[in-house]
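Asks: 3D, please:
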Amino acid sequence: MLESLTSHLSLVRHSFSFQPEQDIPWNPWKLEKESDSKPSEFDIDVSIGGTRYQYGFTYNSEAFLEEWLYRWQPRRQVLFERKTDDDEPWYFGPALTGEKVSLSKLTRRNSLFLSTAAQNNHETLGAVHRALTTEIRREKRIELSGYPLFTKSDPIIDPERRDQVEAAIKAFDIGIKRIRVERLPKDPQPNEEKLSEFLKPQGLELLRETLLNDDGYFRIVLEREGPDGKTWTLPPHSESRGTHILLRRIDDFMSLESGVIVIDELETSLHPEVCASLLKLFTSEESNTRGVQMLFSTHSRSILDQLRRDEVILIDKEPDGASQVSSAADYKDIRSRQSLRVLHERGQVGSVPILGNLDPIWNPVPN
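Replies: Reported below is the predicted structural model:
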């Protein structure tokens, strides 16, 4: 589901630059018959300067079929509604000031009006576009092999923040004395057209960002202190995956001034106490004075001890492959964080898999 969020936000960011006849990247619902004829829908609520906005759209590979934006001040105001195939496809509410009609004429079937308006410096719509495309940021991933690479703009390699970085790393008790930053030689550019056959749209987006980076890449070498007082290091590729992910998390969080960070499986390769400490950075008003948010998925029950029930969404996979979504706040028996975890362990709330007989992994099924 987090993949879906980031891929839809990618459409908000890039649809204005699509070629006139270019297909829209679209992954239709696969679990029902005739699903290819049903459009996909995206809808999101955001708060900008204390004001609530609701934005969404429906689409298929050929066109954005509907698009809408509402604002609450304090009642709902329609800023615009679009129904591409209607005789009168556009409605602009009186609350939306600035240029509208000329921008609608510039908006192609395979482009979002919000993207078009932002590219043409519309004040109100540009603010919503920025909130969706810059304030909601996906984690910078690392692969299962290798080590994380950083760019010149990443705070973790900033010499002026070196003391802050080293203090943060030492706080996680992994035996690090100090860090050293090494610049890597620039690799030849890969063939983007060839890679498009294998990469998802969001993977291609990351690739383009990589190709546009002319400042090179850096890696972090961790120095440890031995019993004789001398320091020693491991090659970065020999460090554990947990250490690699921790370095990436530190950089992700240091990069946040506001907005939302989106992380898939927060607990991956990290100790439960480390995950709890990372969560407290967001849930504590003392440390999170800027009000930044984290949206993450997890399979770890221990994390439930750190969250209120209204902060937890439960997802159940149905036998037909569909997902059912519910809020932990819907369960009236949950009175505390501890009771949420206990009920989850007992299978009395959602998102608990019902496992069958796993013996066929080892033993053949009798005829």
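Asks: Stretch 290-310: end-to-end distance?
Replies: 21 Å (CA to CA, to the nearest Å).
Asks: Pull the residues that contact it.
Replies: For stretch 290-310, contacts defined as CB atoms under 8 Å, 6 or more residues apart in numbering pick out 1-2, 5, 256-267, 272, 275-276, 279-280, 282-283, 312, 327-329, 331, 334, 337-338, 340-341, 344-345. In this view, the C-beta of every residue, glycine as well, is placed from N, C-alpha and C.
Asks: Any of those residues buried? List them.
Replies: Buried by 16 or more other CB atoms under 10 Å: 5, 256, 259-264, 266-267, 275-276, 279, 282, 312, 328, 331, 334, 337, 340-341, 344, out of the contacts of stretch 290-310.
Asks: element containing residue 125, please.
Replies: Here residue 125 sits within helix 123-133, counting by DSSP states H and E.
Asks: What does the pLDDT read for residue 197?
Replies: As predicted, residue 197 sits at a pLDDT of 61.
Asks: Buried residues in the helix holding residue 125, which are they?
Replies: 124-126, 128-129, 131-133.
Asks: can those go into a markdown table with extra columns for distance to residue 108 and pLDDT?
Replies: Listed next are the buried residues of helix 123-133 as a markdown table, based on distance: CB to CB, whole Å; pLDDT from 0 to 100:
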| residue | distance to residue 108 | pLDDT |
| --- | --- | --- |
| 124 | 22 | 94 |
| 125 | 17 | 97 |
| 126 | 19 | 96 |
| 128 | 20 | 97 |
| 129 | 17 | 97 |
| 131 | 24 | 94 |
| 132 | 20 | 95 |
| 133 | 19 | 94 |
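Asks: Next, format those residues as JSON lines and append distance to residue 229.
Replies: Converted to JSON lines, the buried residues of helix 123-133 look like this (distance: CB to CB, whole Å):
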{"residue": "124", "distance to residue 229": "61"}
{"residue": "125", "distance to residue 229": "61"}
{"residue": "126", "distance to residue 229": "57"}
{"residue": "128", "distance to residue 229": "57"}
{"residue": "129", "distance to residue 229": "55"}
{"residue": "131", "distance to residue 229": "51"}
{"residue": "132", "distance to residue 229": "52"}
{"residue": "133", "distance to residue 229": "50"}
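Asks: neighbours around the closest residue to residue 329 other than its chain neighbours, how many?
Replies: Distance criterion CB to CB, 6 or more residues apart in numbering; nearest residue to residue 329, sequence neighbours excluded, is residue 310 at 4.5 Å. Number of residues near residue 310 (other CB atoms under 10 Å) recorded here: 11.
Asks: and residue 310, that one's in a strand?
Replies: No: Residue 310 sits outside any strand when classified using DSSP: H, G, I helix; E, B strand; the rest coil, being helix.
Asks: what about the strands in the stretch 1-150 of the chain?
Replies: 40-48, 51-59, 64-72, 76-83, 90-92, 136-138 (DSSP state E, counting those that start in this stretch).
Asks: Make CSV from those and add distance to residue 322 and mean neighbour count to it.
Replies: Formatted as CSV, the strands of the stretch 1-150 of the chain follow (distance: least, CB to CB, whole Å; neighbours: other CB atoms under 10 Å):
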stretch, distance to residue 322, mean neighbour count
strand 40-48, 14, 14
strand 51-59, 19, 19
strand 64-72, 22, 20
strand 76-83, 27, 18
strand 90-92, 33, 16
strand 136-138, 25, 19
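Asks: can the ones you listed go into CSV with extra columns for distance to residue 161?
Replies: Formatted as CSV, the strands of the stretch 1-150 of the chain follow (distance: least, CB to CB, whole Å):
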stretch, distance to residue 161
strand 40-48, 29
strand 51-59, 33
strand 64-72, 38
strand 76-83, 40
strand 90-92, 46
strand 136-138, 19
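Asks: Let me know which of these is the nearest to residue 231.
Replies: Of all those, strand 136-138 sits nearest to residue 231, with 34.5 Å by CB to CB.
Asks: Mind giving me the packing neighbours of the helix or strand following the closest one?
Replies: Per DSSP H and E, the first helix or strand lying C-terminal to strand 136-138 is helix 162-171. Counting contacts by 3 or more CB pairs under 8 Å, 6 or more residues apart in numbering; DSSP states H and E, helix 162-171 packs against strand 178-184, helix 241-254.
Asks: Between the two ends of stretch 14-22, how far is it?
Replies: End-to-end distance (CA to CA), stretch 14-22: 12 Å.
Asks: buried stuff in that stretch?
Replies: Residues 14-16, 18 are the ones in stretch 14-22 that count as buried (16+ other CB under 10 Å).
Asks: mind listing which of those residues are in helices?
Replies: residue 14 (DSSP state H).
Asks: What separation is there between residue 19 and residue 110?
Replies: Counting by CB to CB, to the nearest Å, the gap from residue 19 to residue 110 is 8 Å.
Asks: correct me, but residue 280 touches residue 287?
Replies: Yes: between residue 280 and residue 287 there is a contact under CB atoms under 8 Å: 6.9 Å.
Asks: low-scoring stretches of the stretch 201-350 of the chain, by residue?
Replies: Along the stretch 201-350 of the chain, the parts satisfying pLDDT under 70 run over 201-214.
Asks: residue ranges for the helices of it, please.
Replies: For the stretch 201-350 of the chain, applying DSSP state H, counting those that start in this stretch gives helices covering 201-211, 241-254, 272-283, 337-345.
Asks: Which one of the ones you listed lies nearest to residue 92?
Replies: Closest approach to residue 92 among the helices of the stretch 201-350 of the chain (CB to CB): helix 201-211, 30.2 Å.
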